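[1] compute the structure for the input listed below.
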Amino acid sequence: MKSKYEIILYWSEADEAFVAEVPELPGCMADGKTYEEALTNARLVIDEWMETAKAIGREVPEPKGRLMFA
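    Next comes the predicted model:
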């Protein structure tokens with residue numbers, strides 16, 4: 001499934017891994033040993049998040065694109 005959700009990637013010293021967060025999908029995040037692995041895993045988790053949300057009757061938010069932080 002192709003998604004247009006923003007993914008924020010960063011290195012976590014505590015986890016010793018790259019972390020990929022999807023801010024528009026609460027609790028949706030993944031990690032990986034490399035930047036690319038974390039991104040690939042995030043794409044899989046986004047699909048799983050949406051499938052689970054639909055299965056339990058939860059609304060799946062429309063992607064808004066780039067989030068602005070104050």
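
[2] ranges for the helices of this protein?
    Assigned by DSSP state H, the helices in the chain fall at 35-55.

[3] run through it and note the low-pLDDT ranges.
    Within the chain, the ranges that satisfy pLDDT under 70 run 1-2, 67-70.

[4] center of it, which residue is that?
    A centroid search over the chain (Cα atoms, centre = their mean) returns V22, at 3.2 Å, as the residue closest to the centre.

[5] that residue against A38, yeah?
    No: V22 is beyond contact range of A38, at 11.5 Å (criterion: Cβ atoms under 8 Å). The C-beta positions use only the backbone N, C-alpha and C, and glycine is treated the same way.

[6] tell me who's in contact with the residue lying closest to the residue nearest to the centre of the chain once chain neighbours are set aside.
    Nearest residue to V22, sequence neighbours excluded (Cβ to Cβ, 6 or more residues apart in numbering): C28, at 4.0 Å. In this structure, C28 makes contact with 21-22, 42, 45-46, 49, judged by Cβ atoms under 8 Å, 6 or more residues apart in numbering.

[7] again, only this time at 10 Å
    By Cβ atoms under 10 Å, 6 or more residues apart in numbering, the contact set of C28 is 5, 7, 20-22, 42, 45-46, 48-50, 53.

[8] apart from its neighbours in sequence, what residue is nearest R58?
    Nearest to R58 is T52, by Cβ to Cβ, 6+ apart, at 7.9 Å.

[9] quick one on the thing from earlier: max pairwise distance over the contacts of C28: which two?
    Using Cβ to Cβ, the contacts of C28 span at most 18.3 Å, a distance reached by A20 and A53.
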